[in-house]
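K.L.:
How does the following fold in three dimensions:
(one chain, ligands or ions: 1)
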Amino acid sequence: MPYVAGLHAAASAFLSAGFAAQFTIALVICLVILLATSSLQEDADDAPTSLPGLALLHIFPFFRRRHQFLNWGFSVTGQNAFQFQLMSNTVIVVSGASARRAFFYAKGFDLTEGFKILSGAIPMVRGVTSGLQTKRISTIHKRLTAVQKNASLSELIPAILEDSRRILESYSTSGTFDPFEKVYELLFQTTVRSLSSSEIADDAALVLRLKKLYDRLDAGTTPASVLAPWLPTPAMIKKLWATKGIYDIIVRAIDARERSGVPQNDTLQMLIDSGDDRLTVVGFIMGLLIAGARATGTTASWMITFLGGHAEWRYKAKAEVAALLAAHSPLDPATKSTSLSARLAEIPLESWEAETPVLDAIIRETLRVAQPHTAMRRNLGPDTYINEKLIPTGAYVVYPFSDVHLDPEIYPDPWRFDPGRETSKFPVDLAYVGWGVGKTTCLGTRLAKVELKLTTALFLLAFDHTLVDTAGAVLDAAALPRPNWDDIFMCRPAPATCLVAYRRTALAL
Ligand code: HEM
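P.N.:
Sure, this is the predicted structure:
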């Protein structure tokens, strides 16, 4: 009889709970029944094969072990398209060259809608970063283009280098650090500088607080908080508080600027001067800051990691930057005192963009091996077919970048970091998608590349570095940790599996 007693206890606990708790429990039970039974439905002939097992069991791995889960889906179905349920949403996963082209060029596939339900990776404030009208999104994109015009981007170069100098100056003359903490922090600062206001960027404590709030937001991104944001789970409440904290910081910066009436030479000023409404300005900073900082921070962390373990490429990159310096800012033999950051700032934007093939190859290869992106779309219609399988209107479609970037047929020994790989002879359509494709190509590419090149260049010339394990043993290329594609934010290996061991060079920062 213990079951009956247990049921009794549960029933009386349910009845004595308040309405909100009863409602939530009832809703959860309904969802469980719905999800448990949805996997029992038969697939139509032209529908992608459904994953076996209870739909409920697919939710957690999709959010927490995505790379393994998607690989398992392809292997267990033996198909190049399969589907599963996330709550009441049908998600179809596709693979292969023709699917890739169809996915990126389908007219009805919408990135914003797909991202909203499947990702949860940016703070959601209705009307500010979510539920935006097309007009507001296109205004935000237009302003992002303005930030990257030649004149604006050129003006950002000394500011980014000065931020980097200040942060790197705070390091000891030698020591170790976790690149996924310290390099990420550096890129967070340069992204705040590039996309928000000088008042925020100049206040190191405020930048740190902002970063912590975004970290808290990531921690609050759980399957429940993404799929059922109306459920008052602890994660959801955490996420809500973090979002409010970020929102307040940005609104305070706008208020202060408007009240002071003193214009500054920064992105916030450009947004205000463009006459955009407040929600657009907040949406621009709030959404792009994290999208930009996360992607550049992850990439820079991995670049420094890979270069630490690959001496050949580290020397090539150092030599490339040294040659640029020699050409654009030779040391005055009389004084020899100009700082590295000041000299790097004299290299014009065009040279950073057109005369750094080694850095370009390193960025490209880093994105191939260590960018765990899964592209997400919603089909807004009409119904369409990929790999001869129906993608109905309303369905969500995802394309994992690992499908192409880790394909051994295209990139032999795919986990090997090799910026010197032959890239011109691939017989495969869209063999590289690191910056996106077609109408959804990354709109922050120019800024991202400049940030990556400046921070890496300064670090490489100001420090000699290698990688070590926690016992201090040097890790060579073969011993480097493998990017963890299940970590959808940072591709970060297990904590402290490798550290950067560094020593300051004789050159002044
Ligand atoms: C290393 C850094 C970066 C990488 C690797 C990267 C990569 C990408 C990729 C692959 C996409 C397409 C996503 C898809 O098809 O699902 C994308 C889109 C986008 N990126 Fe980036 N990105 C980076 C930095 C940035 C920065 C710094 C910004 C803004 C300041 C930015 C803004 C955007 C925007 C707005 C889109 C959406 C474009 C659209 O809606 O059509 N990105 N990015």
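K.L.:
so which strand or helix has Tyr385?
P.N.:
strand 384-386 (DSSP states H and E).
K.L.:
List the contacts of that strand.
P.N.:
46, 81, 92, 94, 98-99, 102-103, 106, 108, 390-391, 397 (CB atoms under 8 Å, 6 or more residues apart in numbering). Glycine gets a C-beta too; all of them are placed from N, C-alpha and C.
K.L.:
OK, contacts around the closest residue to Val91 other than its chain neighbours?
P.N.:
Residue nearest to Val91 in three dimensions, not counting chain neighbours: Tyr396, with 4.6 Å by CB to CB, 6 or more residues apart in numbering. With contact taken as CB under 8 Å, 6+ apart, Tyr396 is in contact with Leu86, Asn89, Thr90, Val91, Ile92, Gly114, Ile117, Leu118, Met376, Arg377, Arg378, Asn379.
K.L.:
Please apply the same query to Phe104.
P.N.:
Counted by CB under 8 Å, 6+ apart, Phe104 has contacts Ala375, Tyr399, Leu430, Val433, Gly436, Val437, Gly438, Lys439, Thr440.
K.L.:
And the strands in this protein?
P.N.:
For the chain, applying DSSP state E gives strands covering 49-50, 81-86, 89-94, 109-110, 174-177, 374-379, 384-386, 389-391, 396-400, 463-468, 499-504.
K.L.:
how many neighbours does the residue of the stretch 51-200 of the chain found nearest the ligand have?
P.N.:
Relative to the ligand, the nearest point of the stretch 51-200 of the chain is Leu111 (4.8 Å; CB to the nearest ligand atom). For Leu111, the neighbour count with other CB atoms under 10 Å is 15.
K.L.:
restrict the contacts of Phe104 to contacts with the ligand.
P.N.:
Applying CB under 6 Å from any ligand atom to the contacts of Phe104, one finds that Ala375, Gly436, Thr440 fall near the ligand.
K.L.:
hang on, the earlier thing: now the buried members of the contacts of Tyr396.
P.N.:
Buried by 16 or more other CB atoms under 10 Å: Leu86, Thr90, Val91, Ile92, Gly114, Ile117, Leu118, Met376, Arg377, Arg378, Asn379, out of these.
K.L.:
mind checking pLDDT for the first one?
P.N.:
The reference is to Leu86. Per-residue pLDDT puts Leu86 at 89.
K.L.:
Beta-bridge partners for it, please?
P.N.:
When bridges are called by DSSP bridges, Leu86 pairs up with Asn89.
K.L.:
Skipping its backbone neighbours, what lies nearest Ser196 in space?
P.N.:
In space, Ser196 comes closest to Ile285 once its chain neighbours are excluded; the distance is 5.0 Å by CB to CB, 6+ apart.
K.L.:
one step back: so which of the contacts of Phe104 is surrounded by the most neighbours?
P.N.:
Tyr399 (27 neighbours).
K.L.:
Roughly how far does that one sit from Asn80?
P.N.:
Tyr399 sits 11 Å away from Asn80, going by CB to CB, to the nearest Å.
K.L.:
who touches both of those two?
P.N.:
Contacts common to Tyr399 and Asn80, judged by CB under 8 Å, 6+ apart, are Val94, Ser95, Ala99.
K.L.:
follow-up on the earlier one: ok, the residue nearest to Ser196 - contacts?
P.N.:
Counted by CB under 8 Å, 6+ apart, Ile285 has contacts Leu195, Ser196, Ile250, Thr267, Leu268, Leu271.
K.L.:
out of these, which one sits closest to Leu217?
P.N.:
Ile250 (13.7 Å; CB to CB).
K.L.:
Wait, His373 touches Tyr399, no?
P.N.:
No: His373 is not in contact with Tyr399 according to CB atoms under 8 Å; the separation is 9.2 Å.
K.L.:
Pull up the overlap in contacts between these two.
P.N.:
Counting by CB under 8 Å, 6+ apart, His373 and Tyr399 have no shared contacts at all.
K.L.:
could the shared contacts of Tyr399 and Asn80 be laid out in JSON lines, adding neighbour count and distance to the ligand?
P.N.:
Shown next, in JSON lines, are these (neighbours: other CB atoms under 10 Å; distance: CB to the nearest ligand atom, whole Å):
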{"residue": "Val94", "neighbour count": "25", "distance to the ligand": "13"}
{"residue": "Ser95", "neighbour count": "23", "distance to the ligand": "15"}
{"residue": "Ala99", "neighbour count": "19", "distance to the ligand": "14"}
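K.L.:
interface residues of this structure facing the ligand?
P.N.:
So the chain meets the ligand at 111, 144, 195, 288, 291-292, 295-296, 299, 367, 371, 373, 375, 434-436, 440, 442-444, 447-448 (CB under 6 Å from any ligand atom).
K.L.:
Which members of these are classed as buried?
P.N.:
144, 195, 288, 291-292, 295-296, 299, 367, 371, 373, 375, 434-436, 440, 442-444, 447-448.
K.L.:
Outside of stretch 173-188 itself, which residues are in contact with it?
P.N.:
When contacts are defined by CB under 8 Å, 6+ apart, stretch 173-188 is touched by residues 163-164, 167-168, 171, 207, 210-211, 293, 296-298, 300-302, 304-305, 308, 451-452, 455, 459, 468, 472, 490, 492-493, 495-496, 498-504.
K.L.:
Alright, calling it a day.
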